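Q: Pasting a predicted model and its sequence here:
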Amino acid sequence: MIRIPTITKNLLIINVIAFIASFVLKRVGIDLDNILGLHFFMASDFHLYQLITYMFMHGGIQHIVFNMFALWMFGCVIENVWGPKKFLFYYISCGIGAGVMQEIAQLVSFYFIATGASHVSSISDLILIGQANANALNAWTTIGASGAVYAILLAFGMLFPEERLFIFPLPIPIKAKWFVIFYAVIELVSALATPGDQVAHFAHLGGMLFGFILIRYWQKHPTIGYNGYGQSMGHQFFDRLKTNWDNHTKKKPKPNSDKTYNADENKDWEYNARKKVKQEEIDRILDKVRRSGYDSLSKEEKQKLFDSSRNNNA
């Protein structure tokens, strides 16, 4: 665990803790799978936060062992390549995308069920049927990190397409790109051929689809979003947001206030005032010279006149 990158290690720990907690709390009548699992959006127990929490819940030992093994095996590599920020953004985003895809698949299933049971002529009819069966629809619950994990498998296949993997029970190594394609085809066939097998195949495909879109976007825009040092697009966005907020909240002087002048204007006013006083004093001394002659000036007046003439020559 010491050598596992930070985000991958924390994801493993959180998933294991959530699995143990769900097992323990179920003994006392608290069903975390129902609370944190992703319900169909027409169900009465649906909440928006479930698009994130569902990926940390698992239905059994085999389920969590497979997901955590794949997360450890491929997540360590991808996080070391991308950095923790980009890896976490990718993992959570693809998990949410997988949940959205599963919701769409359930909506299609619900439409066919509703049209088979009653007449549906518009979306409003479908919504009314959904509201009438909101409690029954709570049974449509999705749990598991498989969508995000499949996105990591896709990332490995796209970043290291020629890397050879030993996959049980295959007797020979297989290139990563063929491994990913093979899994995607299996999931697609399973989703279409066995719609009632209690496996969220469309969530798996949704995670891979969102992962593909993200990776292709980053490949086409290498200078946007995340760079080699793991700086995220979200981090840049919030930095700009903070800067704009700081500029917006800066105190500005009121237009009609006596404080509208700045420090430079204040200094200029003081300088001009002093200059005016000095000039008036020099004019008085010059008038005295014209009236009574230079010798009538005091020593202080002669010095002021001398200083003024030196400044003017400079």
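A: Sure, I can see it.

Q: for the chain, what spans make up the strands?
A: Listed in chain order, the strands of the chain (DSSP state E) span 38-39, 141-142, 164-165, 174-175.

Q: and the first one, average pLDDT?
A: Per-residue pLDDT over strand 38-39 has a mean of 96.

Q: re earlier: can you list the strands of the chain in TSV and add mean neighbour count and distance to residue 123?
A: All C-beta spots, glycine's among them, are computed from the backbone N, C-alpha and C. Formatted as TSV, the strands of the chain follow (neighbours: other Cβ atoms under 10 Å; distance: least, Cβ to Cβ, whole Å):
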stretch	mean neighbour count	distance to residue 123
strand 38-39	27	20
strand 141-142	24	23
strand 164-165	15	46
strand 174-175	14	45
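
Q: Of all those strands, which one is nearest residue 150?
A: strand 141-142 (13.7 Å; Cβ to Cβ).

Q: With only the CA atoms kept, save stretch 188-206 in CSV.
A: What follows is stretch 188-206, C-alpha atoms only, in CSV (Å, rounded to 0.1, in the frame of the first residue of the first chain):
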residue,chain,number,x,y,z
LEU,A,188,-22.4,-4.4,-25.6
VAL,A,189,-23.5,-7.9,-26.5
SER,A,190,-24.4,-8.7,-22.9
ALA,A,191,-26.4,-5.4,-22.6
LEU,A,192,-28.4,-6.3,-25.7
ALA,A,193,-28.8,-10.0,-25.3
THR,A,194,-29.3,-10.3,-21.5
PRO,A,195,-31.1,-7.2,-20.4
GLY,A,196,-32.5,-8.8,-17.2
ASP,A,197,-29.2,-10.3,-15.8
GLN,A,198,-29.0,-7.7,-13.0
VAL,A,199,-25.7,-6.3,-14.4
ALA,A,200,-25.4,-2.7,-15.3
HIS,A,201,-23.8,-3.2,-18.7
PHE,A,202,-24.8,0.2,-20.0
ALA,A,203,-23.1,1.8,-17.0
HIS,A,204,-19.9,-0.1,-18.0
LEU,A,205,-20.2,1.2,-21.5
GLY,A,206,-21.1,4.7,-20.3
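
Q: returning to that earlier point: figure out which of the strands of the chain is closest to residue 92.
A: Residue 92 lies closest, by Cβ to Cβ, to one member of the strands of the chain: strand 38-39, at 13.9 Å.
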